[in-house]
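# any chance you could fold what I've pasted below:
(one chain, ligands or ions: 1)
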Amino acid sequence: MALKYITDESFKTLAKDKKVLARFDFNVPMDKNDPTKISDTTRIDEALETIKAILETGPKKIILMSHFGRPKGKIDMTYSLEPVAKYLSEKMEMDVTLTETALDRGIKTLLGLNESKIILLQNLRFHPEEEANDREFARLLSAYGDVFVFDAFGAAHRKHASTYEINAYFKNKAYGGLLLKREVEALDRITQNPKKPFVAIVGGAKVSDKIKIIEALLTSVDKLLIGGAMAYPFLKAQGFTVGKSLCSDEDVSLAKRILGMPSRNKIVLPSDHIASTTFGGEPKEIGQANIGDEYIGLDIGPSTLQNYNDHLATAKTVLWNGPMGLFENKAYAKGTLGIAKTLAGLKDAFTLVGGGDSVSAVNHSGLAGKMSHISTGGGASLEYIENGTLPGIQALKFGID
Ligand code: AMP
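Down below sits the predicted model:
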């Protein structure tokens, strides 16, 4: 059974003059100095295309829903979707009515009115039943719509009432949105017969967070280039010294386990480093794999970058997750920016960047437009690559009993 999207003719027939209930991921970051201001609107901007496409089918109403932050099952107006409603209304040049709660009694009346074409339900996580994947809560939400659209890719790895259980009430009436379509099609180019050579670059801070994806990737990649603090447990496991670099015993054991796998020869590690005696100190080039006692490794060195670039030069598929060093500090950003530049220059390859920090590094580098795909869902994209699908997508595709 194939996943149906809103581009399908059957959606257009079902949605016309009907109520469309649509789940998005409007969990946007807010400005630290001004809590009413959204600091990065990407997630809402990505949803606009889907909302416009739904509107074009001529529905009676669109009822939007999302979670926002972690209010822990209680009404906490710090996590109100008000700024999202305001932004959506400006962008759509239409009124967006925000409800008091997702189960507010007034919603029934609103649904009967001719005005209020677009309704946004207040934060779903004000109700503990949302994260508990509660069947009754899902049923109450489902009563707002005749057709269901799921476009919350960033929340598709969660089994929550609005991402999972709700599918019990929309048999043959559940569709993926346009963002979900783009994400799934891009990720499938990594998980299903990727064009070879397939090179993955994994960086960041902790092996334990990424052990599953590393193990999954080792079966399909030709090379796995490791950078960032992630590299030190692997180096230590091979007998190199890592000085005062981030490197927990737990991560060294995990690295040893990975290095014991038959596909270990696919792993490429740094051969030189940029280090310092403190986290913000003067950067020093260390022209060998061993790091002296007093140093902290903070970036990959120039020879490593050159070697990684050589591996990438012939790649046809590239996946990048996690920075090559402490890139937030300019002195240690060369490796991460170097990789971003290399990927941007690959003419013949499919390049996918997934995972929070590498995405922000690419955005800051100004090279985002040169990547084939940038995944908006950090945890969701990693889990998709590990398992080839996500609970929210399976439920949408097959329904649930
Ligand atoms: P992750 O969320 O696992 O992708 O980790 C990203 C974080 O790892 C970023 O904040 C980086 O600054 C940090 N990081 C990467 N390399 C290093 C390093 N060598 N030393 C300390 N932190 C690092």
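
# what's the helix or strand for residue 299?
strand 296-300 (DSSP states H and E).

# again but with residue 40, I slipped
Going by DSSP H and E, residue 40 is not in any helix or strand.

# need the contact list for it.
Residue 40 is in contact with 28-29, counting by CB atoms under 8 Å, 6 or more residues apart in numbering. Backbone N, C-alpha and C define where each C-beta goes, glycine included.

# within range of the ligand, give me the residues from the stretch 251-400 of the chain.
297-298, 322-323, 325-328, 355, 357 (CB under 6 Å from any ligand atom).

# partner strands of the strand holding residue 299, parallel or antiparallel?
Paired with strand 296-300 in the same sheet, following DSSP bridges, are strand 273-276 (antiparallel).

# next structured bit after the strand it pairs with?
That would be, after strand 273-276 and using DSSP H and E, strand 284-286.

# who are the packing partners of that next one?
With contacts taken as 3 or more CB pairs under 8 Å, 6 or more residues apart in numbering; DSSP states H and E, strand 284-286 sits against strand 273-276.

# buried stuff in the helix or strand bottoming out on mean pLDDT in the chain?
Counting by mean pLDDT, DSSP states H and E, the chain has its least confident helix or strand at helix 356-365, which shows a mean of 84. The neighbour-count check on helix 356-365 (16 or more other CB atoms under 10 Å) flags 356-359, 361-362, 365 as buried.

# that's a strand at residue 244, yeah?
No - the assignment for residue 244, made by DSSP: H, G, I helix; E, B strand; the rest coil, is coil rather than a strand.

# burial of it, as a residue count?
17 (other CB atoms under 10 Å).

# so it makes contact with residue 281?
No - using CB atoms under 8 Å, residue 244 is not in contact with residue 281, being 11.3 Å away.

# show me the contacts for the residue of the chain found nearest the ligand.
At 2.5 Å from the ligand, residue 204 is the closest residue in the chain, using CB to the nearest ligand atom. Residue 204 makes contacts with 210, 228-230, 321-323, 355, 357-358, as judged by CB under 8 Å, 6+ apart.

# swap in residue 345?
Residue 345 neighbours (CB under 8 Å, 6+ apart): residue 370.

# before we move on, what about residue 397?
Counting by CB under 8 Å, 6+ apart, residue 397 has contacts 1-3.

# among the residues you listed, who's most crowded?
Neighbour-wise, these (other CB under 10 Å) top out at residue 3, 18 neighbours.

# what residues does the stretch 101-250 of the chain put near the ligand?
204-206, 209, 228-229, 246.

# from these, which two are the most distant?
209 and 246 (12.6 Å; CB to CB).

# tell me which of those two has more neighbours.
residue 246 (19 against 15).

# where does residue 254 fall, secondary structure wise?
Counting by DSSP H and E, the element that carries residue 254 is helix 249-259.

# and the helix or strand that that helix is followed by, average pLDDT?
Following helix 249-259 in sequence order, the next helix or strand is strand 267-268 (DSSP H and E). Strand 267-268 comes out with an average pLDDT of 98.

# strand partners (parallel or antiparallel) of strand 267-268?
strand 223-226 (parallel).

# which parts of the partner strand are buried?
223-226.

# also stretch 261-275?
Under the neighbour-count criterion of 16+ other CB under 10 Å, stretch 261-275 has 266-275 buried.

# residue 209 - that's part of a helix, no?
Yes - under three-state DSSP, residue 209 sits within a helix.

# list the residues that contact it.
Applying CB under 8 Å, 6+ apart, no residues contact residue 209.

# ok, and what's touching stretch 376-385?
Under CB under 8 Å, 6+ apart, the answer for stretch 376-385 is 25, 42-43, 46, 153-157, 179, 183-184, 187, 190-191, 210, 212-213, 216-217, 319, 321, 354-356, 359, 375, 390.

# just the buried residues of the residues you listed.
25, 43, 46, 153-157, 179, 183-184, 187, 190-191, 210, 213, 216-217, 319, 321, 354-356, 359, 375, 390.

# out of the residues you listed, which sit inside helices?
43, 46, 179, 183-184, 187, 190-191, 210, 213, 216-217, 356, 359 (DSSP state H).

# look up how far residue 241 lies from the closest residue to residue 75 other than its chain neighbours.
The shortest distance from residue 75 to any residue other than its chain neighbours is 4.8 Å, reached at residue 126 (CB to CB, 6 or more residues apart in numbering). Going from residue 126 to residue 241 by CB to CB, to the nearest Å gives 51 Å.

# more crowded one of these two?
residue 126 (24 against 15).

# residues contacting that one?
71, 73-76, 79, 101-102 are the contacts of residue 126 under CB under 8 Å, 6+ apart.

# just put those in JSON lines and tack on pLDDT and secondary structure.
Shown next, in JSON lines, are the contacts of residue 126 (pLDDT from 0 to 100; DSSP: H, G, I helix; E, B strand; the rest coil):
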{"residue": "71", "pLDDT": "97", "secondary structure": "coil"}
{"residue": "73", "pLDDT": "97", "secondary structure": "coil"}
{"residue": "74", "pLDDT": "97", "secondary structure": "coil"}
{"residue": "75", "pLDDT": "97", "secondary structure": "coil"}
{"residue": "76", "pLDDT": "96", "secondary structure": "coil"}
{"residue": "79", "pLDDT": "96", "secondary structure": "helix"}
{"residue": "101", "pLDDT": "97", "secondary structure": "coil"}
{"residue": "102", "pLDDT": "98", "secondary structure": "coil"}
